[in-house]
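1. Coordinates only, no sequence provided:
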């Protein structure tokens, strides 16, 4: 059964230097508060994994937490580039960042393979692209039944997956709904998992389109109201569009970025 913990204790226990860490979320339910706690605790040499790394990964990269990024798209959604990500790739600031790029379908299928206990996934999604020439973890494979040339990608098994959700009960069963991505698969594929939630309740009331993560597949749950800001949690908060626009200017300059992170992340507590 998942344990109810504080955010600080959850990160301290579950995320270590050198880990492969996935912070998943798609458009909403992005675990910003958990990412900030990773930064505050000074984790280093992480391999960050995500289908769509956005501002929280820009912050983690810019604060020197990551040495590798496994991804399928990266940007400030609706605004433009991730400038700390770009600086790390082009100028190795604050540290060198190695990239492993995949398609969205490739990343999703890698999580599914990991969740299914399989060594790899097979798909057609890379046909006609140059990704196999640049990514060693993409291999051609022949179908043993038809001879069709397909593509194989290795399963993703993060050391720890972190996601945000709307609710959990006191036994650690997690409920999320709205626009979901690969949170379920990423949690099932991971060796350990931390779910931050808007609230812990006595009983989960059914919601149309809900995804339930049963307590036995989750390592720990932390109650973190507003833990997805500036993204949103359907039914609890709205997207802070002004933040995403403002981040473009904040993140362009190294000193301005560091000053913002000092004030808004390093000098505040986990729930601020």
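-> Alright, I've got the coordinates. These numbers come from a predicted model, not from an experiment.
2. just checking, what packs against the longest helix seen in the chain?
-> In the chain, assigned by DSSP state H, the helix with the most residues is helix 104-116. Contacts defined by 3 or more Cβ pairs under 8 Å, 6 or more residues apart in numbering; DSSP states H and E place helix 104-116 against strand 120-123, strand 149-154, helix 183-189. (Each C-beta comes from the backbone N, C-alpha and C, glycine too.)
3. Recalculate using a threshold of 6 Å.
-> Helix 104-116 sits against strand 120-123, helix 183-189, with contacts defined as 3 or more Cβ pairs under 6 Å, 6 or more residues apart in numbering; DSSP states H and E.
4. Let me see the ranges of the strands in this structure.
-> 3-5, 20-23, 46-50, 66-71, 98-101, 120-123, 139-142, 149-154, 160-169, 174-176, 192-201, 211-213, 220-223 (DSSP state E).
5. May I have the predicted confidence score for residue 264?
-> With respect to pLDDT, residue 264 scores 97.
6. Kindly provide the distance from it to residue 28.
-> 21 Å (Cβ to Cβ, to the nearest Å).
7. Between these two, tell me which one has more neighbours.
-> Higher neighbour count among residue 264 and residue 28: residue 28, with 21 against 13, using other Cβ atoms under 10 Å.
8. Could you report the distance from the residue nearest to that one when sequence neighbours are not counted to residue 32?
-> Of all residues not flanking residue 28 in the chain, residue 232 sits nearest, at 4.6 Å (Cβ to Cβ, 6 or more residues apart in numbering). Distance of residue 232 to residue 32, given as Cβ to Cβ: 11 Å.
9. and if you look at residue 61?
-> From residue 61 across to residue 32, the span is 14 Å (Cβ to Cβ).
10. neighbour count winner among those two?
-> Legend: neighbour count by other Cβ under 10 Å for residue 61 and residue 32, higher for residue 61 (27 against 24).
11. For the more buried one, which residues are in contact?
-> The contact partners of residue 61, by Cβ atoms under 6 Å, 6 or more residues apart in numbering, come to 84-85, 88.
12. what sits up against stretch 258-271?
-> Residues external to stretch 258-271 that are found in contact with it (Cβ under 6 Å, 6+ apart): 7-8, 36-37, 39, 250.
13. Name the member of those with the most neighbours.
-> Among the contacts of stretch 258-271, residue 37 has the most neighbours (other Cβ under 10 Å), with 28 neighbours.
14. Find me the pLDDT at that residue, would you?
-> Note for residue 37: predicted pLDDT of 98.
15. Can you give me the domain boundaries for the protein?
-> What automatic domain parsing lists as the domains of the chain is 3-102+157-266, 104-154.
16. tell me the most buried of those?
-> Stretch with highest mean neighbour count among those: domain 3-102+157-266 (a mean of 20; mean count of other Cβ atoms under 10 Å).
17. now the end-to-end length of that domain.
-> Chord length of domain 3-102+157-266, first to last residue, is 26 Å (Cα to Cα, to the nearest Å).
18. can you tell me the distance between the two ends of stretch 143-160?
-> Across stretch 143-160, the terminal residues are separated by 32 Å (Cα to Cα).
19. Helix or strand with the lowest mean pLDDT in this structure?
-> Ranked by mean pLDDT, DSSP states H and E, the helix or strand of the chain with the weakest confidence is helix 131-134, at a mean of 92.
20. That one - contacts with which helices or strands?
-> If you count contacts as 3+ Cβ pairs under 6 Å, 6+ apart, helix 131-134 packs onto no helix or strand.
21. So which of the strands of the chain is nearest residue 108?
-> Closest to residue 108 of those is strand 120-123 (Cβ to Cβ; 8.7 Å).
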